[in-house]
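>>> Pasting the sequence and the predicted coordinates here, then a few questions.
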Amino acid sequence: LPGLYVIAIAVALEVSVGKTNTVMALNNSDVLLPCTFLTCIGFQDLVFTWYFNSTEMIYHGKIKSKSSEPYLVGRNPRVEFVGSTTGKDNNISIVLRNVEFSDAGKYTCHVKNPKEKNAEHNATIFLTVVQKSK
């Protein structure tokens, strides 16, 4: 039929923690927890949250648009945002300072994009903490 166009919209909010989803850290060191996201149609007022073992929120940020860096909504004092969202990659990585054995577990990077009908996506990293060898 002439004049009939099919527009396929791929809801493509992707969240990635890189090639491996396991990170090892030495006790008392700082560890990078990597996370980036991709979205085809851009984002507005995007919300991202890091969780420890699914329930404990350790970092909560919002990003107004691609031209602005995230602003902090709330965080654990030992967590520092080290990403950037105005560059090529939407990097929402964090650093966990002075890792303890009790920090071992599951870290989830969760992203919600209102511009994509509130599409939500997350990626998970498992942190193992090891003792420094003498």
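Perfect, thanks for sending it. These numbers come from a predicted model, not from an experiment. Numbering: from 1, shown residues only.

>>> From here on, just use CA atoms for contacts and neighbour counts.
Will do.

>>> What segments of this protein are strands?
With DSSP state E, the ranges of strands along the chain come out as 13-16, 22-26, 31-33, 36-39, 46-52, 56-63, 71-75, 79-81, 90-91, 94-96, 105-113, 119-130.

>>> Mean pLDDT and mean neighbour count added to these, as JSON lines?
Below are the strands of the chain laid out as JSON lines (pLDDT from 0 to 100; neighbours: other Cα atoms under 10 Å):
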{"stretch": "strand 13-16", "mean pLDDT": "89", "mean neighbour count": "20"}
{"stretch": "strand 22-26", "mean pLDDT": "94", "mean neighbour count": "16"}
{"stretch": "strand 31-33", "mean pLDDT": "96", "mean neighbour count": "21"}
{"stretch": "strand 36-39", "mean pLDDT": "92", "mean neighbour count": "18"}
{"stretch": "strand 46-52", "mean pLDDT": "97", "mean neighbour count": "21"}
{"stretch": "strand 56-63", "mean pLDDT": "97", "mean neighbour count": "18"}
{"stretch": "strand 71-75", "mean pLDDT": "96", "mean neighbour count": "13"}
{"stretch": "strand 79-81", "mean pLDDT": "97", "mean neighbour count": "18"}
{"stretch": "strand 90-91", "mean pLDDT": "94", "mean neighbour count": "19"}
{"stretch": "strand 94-96", "mean pLDDT": "97", "mean neighbour count": "19"}
{"stretch": "strand 105-113", "mean pLDDT": "96", "mean neighbour count": "21"}
{"stretch": "strand 119-130", "mean pLDDT": "95", "mean neighbour count": "19"}
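
>>> what's the spacing between the residue nearest to residue 67 when sequence neighbours are not counted and residue 12?
Closest residue to residue 67 apart from its sequence neighbours, by Cα to Cα, 6 or more residues apart in numbering: residue 86 at 5.5 Å. Using Cα to Cα, to the nearest Å, residue 86 is found at 19 Å from residue 12.
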